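Asks: could you work out the structure for the sequence below:
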Amino acid sequence: MKRPIILFVLLFSLSALLYSQASDSTLNQHIIIETSLGDIEIVLYDDTPLHRDNMIKLIQDDFYSGQVFHRVIPNFMIQGGDPYSVDAPRGRRLGTGGPGYRIPAEFRDNHFHKKGALAAARMGDATNPEKESSGSQFYIVQGQVFNTDQLSVMQSSANRSPFTPEQIQIYTTIGGTPHLDGDYTVFGEVVSGLEFLEAIASMKTDTYNRPLEDVVFSIKLK
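Replies: Here you go, the predicted model:
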């Protein structure tokens, strides 16, 4: 009986090792959003694994090939990830497409909506009380700089956790969209190419907030 037991232990150990190696391959994963204006590099957070692994899978499936940033609001964010945006004619309202599933929220106190944050879009609370994320749509925060008085008002008027010293320091220097904290999952951040985020966010848009000149993008793993 000893040999089968030893063999089982060896097989179990090998499986665990292979699983560990496969999991490690996703750690500190960087992605490149190749846009018609320039490339934006983003690191995906390891402590939001559901969102990280989902984006990696979609990238590997070429899901994000040839899409456009369909919703751009200056001093707020740029949004993409709608498969219906590929070759979409002018005048079509976008933002309803996706892979057909949602992702459970992964809120983390250490990840917030600073400038350059990558976050998941989602349906509103009325139809989505669990705040589950869209399976593919995302946004990158441009935001704006706030002063401490503005943050205090925001703090007192919302049912939210107090801003941390780090949040206050960043929101009053780099900027962001603090009112979204705790409502949308932040799962990465820009590490290079912020100038292209700024360029996209400054573009003129139509009544649906779609840039008058399409910004086409594809995403690849680095």
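Asks: which stretches of the chain form helices?
Replies: 2-24, 49-60, 148-157, 165-171, 194-201 (DSSP state H).
Asks: lowest average pLDDT across these?
Replies: Lowest mean pLDDT within the helices of the chain: helix 2-24, at a mean of 42.
Asks: show me where the chain dips below the pLDDT cut-off.
Replies: Applying pLDDT under 70 to the chain flags the ranges 1-25.
Asks: can you do 90?
Replies: 1-27, 155-162 (pLDDT under 90).
Asks: what about the strands in it?
Replies: 30-35, 39-44, 67-68, 71-73, 77-80, 102-103, 117-120, 133-134, 138-141, 186-192, 216-221 (DSSP state E).
Asks: which other helices and strands contact the longest one?
Replies: When you say that, I think you mean strand 186-192. strand 39-44, helix 49-60, strand 117-120 (3 or more CB pairs under 8 Å, 6 or more residues apart in numbering; DSSP states H and E). Where you see a C-beta, it was placed from the backbone N, CA and C, and this is true even at glycine.
Asks: in it, what's buried?
Replies: For strand 186-192, the buried set under the neighbour-count rule, 16 or more other CB atoms under 10 Å, comprises 186-190.
Asks: how about the first one?
Replies: Of the residues in strand 30-35, those with enough neighbours to count as buried (16+ other CB under 10 Å) are 31-33, 35.
Asks: tell me how far it is from the chain's mean position?
Replies: With CA atoms, centre = their mean, to the nearest Å as the basis, strand 30-35 stands 12 Å off its chain's centre.
Asks: ok, back up a step: make a markdown table out of the strands of the chain and add distance to residue 179.
Replies: As requested, those are exported to a markdown table (distance: least, CB to CB, whole Å):
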| stretch | distance to residue 179 |
| --- | --- |
| strand 30-35 | 25 |
| strand 39-44 | 22 |
| strand 67-68 | 26 |
| strand 71-73 | 13 |
| strand 77-80 | 12 |
| strand 102-103 | 22 |
| strand 117-120 | 13 |
| strand 133-134 | 18 |
| strand 138-141 | 11 |
| strand 186-192 | 13 |
| strand 216-221 | 26 |
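Asks: which one of these lies closest to residue 127?
Replies: With CB to CB as the criterion, residue 127 lies closest to strand 102-103 of these, at 10.8 Å.
Asks: within the sheet, what are the partner strands of that closest one, with directions?
Replies: Each strand that pairs with strand 102-103, with its direction, by DSSP bridges: strand 133-134 (antiparallel).
Asks: so what touches the strand it pairs with?
Replies: The contact list for strand 133-134 (CB atoms under 8 Å, 6 or more residues apart in numbering) reads 51, 81, 98, 102-105, 120-123, 184-185.
Asks: repeat for stretch 79-90
Replies: 63-72, 92, 94-99, 121, 134, 136-139, 206, 217.
Asks: at 7 Å instead, please
Replies: Outside stretch 79-90, the residues that touch it by CB atoms under 7 Å, 6 or more residues apart in numbering are 63, 66-71, 94-97, 121, 134, 136-139, 217.
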